[in-house]
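[1] Next comes the sequence, and after it the predicted model I'd like to discuss.
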Amino acid sequence: MAPSTVAVLTGASRGLGQALALGLLQAGTRLVTVSRNHDDTLAARAMEAGVSLQQVQSDLANPAAAERVASQIVAGLPKDAQRYLLINNAGTVDPIKQACDLSNAGSIAAAFSLNVTSVILLTAAFLQAVKPLQADCRILNISSGAGRRPMPGWGVYCASKAALDRYTEVLHAEQHGVRIVALAPGVIDTGMQEKIRGSAANDFPHVERFSHMHDSGQLSSPADTAARILRYIERDDFGTIVLDDIRNYA
């Protein structure tokens, strides 16, 4: 039986990505995930739900690996689904340093490769695959409020997420017949937040504010945020607002 929905999700092995993957395990869905690690829990849940799951292991911070994965995924996409989703969720906040200390070209390049280059490669492959199909096609790029306002110590993260936002706007302007959104997900209690709270104050001056948000219970859970995002993707007006924020919705 042909799936009604084909979903491709990156960064699916932990945090928000894992929660999104679990939420996508619905009848009639074929889910393809991309992450560095195989997720045994996700595999077991997919089997219980009777959902087709393909886990692709790859480090999308490596451009050559991202290029291979893009080709691999597109080659295996069913052609008879009613809806196709691409959720570009994988990302990194590293390196967290003041501008004067951003001197490691490798770490900077890896961040841009993961946060921007892999998105562009996967999106190009996705667009080529769905262009001849008569289907509802949607792309969700997980962005950040950091791409829309400066945050000291996050020069690379802010710049890469701003690039992601502008790229999403270009996709929309090119009118590929696909609905496209860059969505800020809010502040979520994930490993990324733990890493942020572990930053040195001289690298990230706002570290105490983020620690206070955690200690006072102001962080959203991955499961709650994922549920809100998946409801958002289902909206009839998805794509009307190209740069959006999940906190604008109940």
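    Perfect, I can see it now.
[2] any weak-confidence spans in the chain?
    For the chain, the stretches flagged by pLDDT under 70 are 1-2.
[3] repeat that with 80
    Applying pLDDT under 80 to the chain flags the ranges 1-3, 189, 191, 205, 213, 219, 250.
[4] And the helices in it?
    Taking DSSP state H, the helices of the chain run over residues 15-23, 40-49, 63-76, 105-112, 118-130, 155-174, 191-197, 207-215, 222-234.
[5] Out of those helices, which is closest to residue 185?
    helix 222-234 (5.5 Å; Cβ to Cβ). Backbone N, C-alpha and C define where each C-beta goes, glycine included.
[6] Show me what that closest one is packed against.
    helix 15-23, strand 136-142 (3 or more Cβ pairs under 8 Å, 6 or more residues apart in numbering; DSSP states H and E).
[7] Make JSON lines from these and add mean neighbour count to it.
    Converted to JSON lines, the helices and strands packed on helix 222-234 look like this (neighbours: other Cβ atoms under 10 Å):
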{"stretch": "helix 15-23", "mean neighbour count": "23"}
{"stretch": "strand 136-142", "mean neighbour count": "23"}
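[8] out of the ones you listed, nearest to residue 37?
    helix 15-23 (10.3 Å).
[9] Now do the closest one: everything it contacts.
    Residues outside helix 15-23 that contact it (Cβ atoms under 8 Å, 6 or more residues apart in numbering): 9-12, 31, 33, 35, 39, 41-42, 45, 87, 89-90, 142, 185, 188, 190-192, 222-223, 225-227, 229-230.
[10] how about a cut-off of 7 Å?
    Helix 15-23 has contacts (Cβ atoms under 7 Å, 6 or more residues apart in numbering) with 9, 11-12, 31, 33, 35, 39, 42, 45, 87, 89-90, 185, 188, 190-192, 222-223, 225-227, 229-230.
[11] Can you dump the C-alpha atoms of it in PDB for me?
    What follows is helix 15-23 as a C-alpha-only set of coordinates in PDB (Å, rounded to 0.1, in the frame of the first residue of the first chain):
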ATOM      1  CA  GLY A  15      16.200  16.400  21.500                       C
ATOM      2  CA  LEU A  16      13.600  18.100  19.300                       C
ATOM      3  CA  GLY A  17      14.400  15.900  16.300                       C
ATOM      4  CA  GLN A  18      13.800  12.700  18.200                       C
ATOM      5  CA  ALA A  19      10.500  14.100  19.500                       C
ATOM      6  CA  LEU A  20       9.500  15.000  16.000                       C
ATOM      7  CA  ALA A  21      10.400  11.600  14.700                       C
ATOM      8  CA  LEU A  22       8.300   9.900  17.400                       C
ATOM      9  CA  GLY A  23       5.400  12.200  16.600                       C
END
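[12] wouldn't residue 7 be in contact with residue 33 here?
    No: judged on Cβ atoms under 7 Å, residue 7 makes no contact with residue 33 at a distance of 8.8 Å.
[13] out of the two, which sits in the busier spot?
    Higher neighbour count among residue 7 and residue 33: residue 33, with 28 against 24, using other Cβ atoms under 10 Å.
[14] And the residue nearest to that one when sequence neighbours are not counted, its phi and psi?
    Using Cβ to Cβ, 6 or more residues apart in numbering and skipping residues adjacent in sequence, the residue nearest residue 33 is residue 12, 3.7 Å away. Here is the backbone geometry of residue 12 (degrees, to the nearest 10): phi -100, psi 0.
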